[in-house]
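Trainee: Here is a sequence with its predicted model. Questions after.
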Amino acid sequence: MLAPGLNTQYAGSNVTGDKGLIAIDKVGNKVRFYEPRTLKETKALDGPEPCVHELTFSSDRKYAFVPLYGDGIYGSNKQPNNKLLIVDLDRQEIGDMIDLGECLAPHGMVGTRDGKVWVVSDLVNRLLLVDPAKKAIEATYDIPGKGAHFVVLLPDESKLYVSHKESDLAVFDLKQRAFVARVPLGRPGVEKGNGSGSEGLTPTPDGRRLLVIDNDTSDIRVIDTASDREIDRVPLTMHPRTNVKRSRLAKLMFSPDGRAIVVVSYATGLAWIIDAADYRRQTPVTVAKGPFGIAFAPTRTALVSCHDSGLITQIDLEARTVVDAFDGGNGIECLAFY
């Protein structure tokens, strides 16, 4: 569990609540809202430009931030965008939009307690500090790597970690305002494409470790955050072989009580429920085609959005089994209760 005063949304969208459920449908270019108990869709907002991806929140949970990435995906984004939407969660409306100028293809984000938002721009490999109140970029930092895609924050807000699809994990010190370390995760000799980088990542709730999934064999790499060195490597049980030419996107997230980790692997149709006290105690479960996003209800249940099948799968964390599935848009990338 998190100590008092630590940031509870250190992984961007791992918040929970009972007011609503928001989902980012990148295929349909819509921000969708669901009734949090019945999981019936109640409202859908059209993205004003191509195309909504990813999600994070203001520290007071009044606003969500959604980047407009462009009309494509990583490696094939022919018309990249450069905007950040501000979504009013009480009104369930788009409240404003921030122009990020030359910083194209904004993607991973995380909010801090001071109201600012850190954003990675994957086409220009920059880390941005955005002030939503001023609708402006406060600072930019060149990222040492290729394909910066996701960013997370340690709960004490001391460091950011940026995963790259085609290079090392990068470590950014928030006090020094500088990148201070790189952690190699690629297969030796592989310099581009799958096998050269990593995908989803999350710190442990106490901030002592960082878990990152590589895009070689989709193993969980365990990083000590004091030394920023790898200390363990944990394969996912029964993870099938995947095509090196296809997406190996994978994500993981701790449950709010810190007892479980849910992992999804896009290429497999599987999710894993993992004991947070023993990463090798794993239960793989079948969800649906293209698992992509993870959200936790206030109860001991999790949702997985299955991007390619238009389903939201519900998992009972205690029973470690799938209990239901619901209609889930055209291609939901991420979702969160608030």
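Mentor: Thanks, I have it. Every value quoted in this text rests on a predicted model; they were computed, and no experiment measured them. Numbers count the residues shown, from 1 in each chain.
Trainee: before we move on, which element is the residue lying closest to K135 once chain neighbours are set aside in?
Mentor: In space, and not counting its chain neighbours, K135 is closest to I98: 4.9 Å by Cβ to Cβ, 6 or more residues apart in numbering. Where you see a C-beta, it was placed from the backbone N, CA and C, and this is true even at glycine. Secondary structure assignment for I98, by DSSP states H and E: strand 93-99.
Trainee: Neighbouring strands - and their directions - for the next helix or strand after that strand?
Mentor: The helix or strand immediately downstream of strand 93-99 is strand 106-111, counting by DSSP H and E. Applying DSSP bridges, strand 106-111 is found paired with strand 117-121 (antiparallel).
Trainee: Provide the angle between the direction of the strand it pairs with and the direction of strand 93-99.
Mentor: Going by axes from the mean of the first three to the mean of the last three Cα atoms, to 10 degrees, strand 117-121 is angled at 60 degrees with respect to strand 93-99.
Trainee: K30 and P48 touch, don't they?
Mentor: No: K30 sits out of contact with P48 when judged by Cβ atoms under 8 Å, with a separation of 11.0 Å.
Trainee: Domains of this structure: list them as residue ranges, please.
Mentor: 10-142, 236-338 (automatic domain parsing).
Trainee: Please identify which of the ones you listed is closest to S167.
Mentor: Nearest to S167, of all these, is domain 10-142, at 9.3 Å by Cβ to Cβ.
Trainee: quick check: mean pLDDT across the closest one?
Mentor: When pLDDT is averaged along domain 10-142, the result is 93.
Trainee: Who are the contact partners of the residue nearest to K135?
Mentor: 83-84, 86, 130, 132, 135-136 (Cβ atoms under 8 Å, 6 or more residues apart in numbering).
Trainee: For L201, see how far away A297 is.
Mentor: For A297, the distance to L201 equals 23 Å [Cβ to Cβ, to the nearest Å].
Trainee: Look at those two and report which has more neighbours.
Mentor: Using other Cβ atoms under 10 Å, the more surrounded residue of A297 and L201 is L201, with 27 against 21.
Trainee: Identify the bridge partners of that one.
Mentor: Under the criterion used (DSSP bridges), L201 bridges to V212.
Trainee: quick one: it and N215 touch, right?
Mentor: No: counting by Cβ under 8 Å, L201 sits too far from N215 to count as a contact (11.7 Å).
Trainee: Enumerate the beta-bridge partners assigned to A271.
Mentor: V264, V285.
Trainee: Next up, the contacts around the closest residue to E318 other than its chain neighbours.
Mentor: Nearest residue to E318, sequence neighbours excluded (Cβ to Cβ, 6+ apart): R300, at 5.3 Å. Taking Cβ under 8 Å, 6+ apart as the criterion, R300 is in contact with 255, 257, 316-318.
Trainee: end-to-end on stretch 293-313?
Mentor: End-to-end distance of stretch 293-313 (Cα to Cα, to the nearest Å): 10 Å.
Trainee: so what's Q92 up against?
Mentor: By Cβ under 8 Å, 6+ apart, Q92 lies in contact with 20, 33, 42-43, 45.
Trainee: quick one: E35 and A271, what's the gap?
Mentor: Counting by Cβ to Cβ, the gap from E35 to A271 is 23 Å.
Trainee: Name whatever forms a beta bridge with D275.
Mentor: A260, D278.
Trainee: ugh, wrong one, L68
Mentor: Going by DSSP bridges, L68 forms beta bridges with V52, K83.
Trainee: Tell me how far it lies from I312.
Mentor: Distance from L68 to I312, counting by Cβ to Cβ: 23 Å.
Trainee: and what of G290?
Mentor: G290 is 12 Å from I312, by Cβ to Cβ.
Trainee: Give me the buried positions along stretch 288-308.
Mentor: 288, 290-297, 300-307 (16 or more other Cβ atoms under 10 Å).
Trainee: And stretch 177-185, by the same measure?
Mentor: 179, 181-183, 185.
Trainee: Same question for stretch 188-206.
Mentor: Using 16+ other Cβ under 10 Å as the burial criterion, the residues of stretch 188-206 that qualify are 193-205.
Trainee: show me what contacts N77?
Mentor: Applying Cβ under 8 Å, 6+ apart to N77 gives the contacts 69-71, 105, 123.
Trainee: ok, of those residues, which come out buried?
Mentor: Using 16+ other Cβ under 10 Å, the buried members of these are 69-70, 105, 123.
Trainee: Just the closest of those residues to G328, please.
Mentor: Of those, the one sitting nearest to G328 (Cβ to Cβ) turns out to be Y69, at 19.7 Å.
Trainee: Leaving out chain neighbours, which residue sits closest to that closest one?
Mentor: H53 (4.1 Å).
Trainee: now do G200
Mentor: Per Cβ to Cβ, 6+ apart, closest to G200 is K251, 3.4 Å.
Trainee: Would you confirm that that neighbour contacts G293?
Mentor: Yes: at 7.4 Å, K251 counts as touching G293 under the criterion of Cβ under 8 Å.
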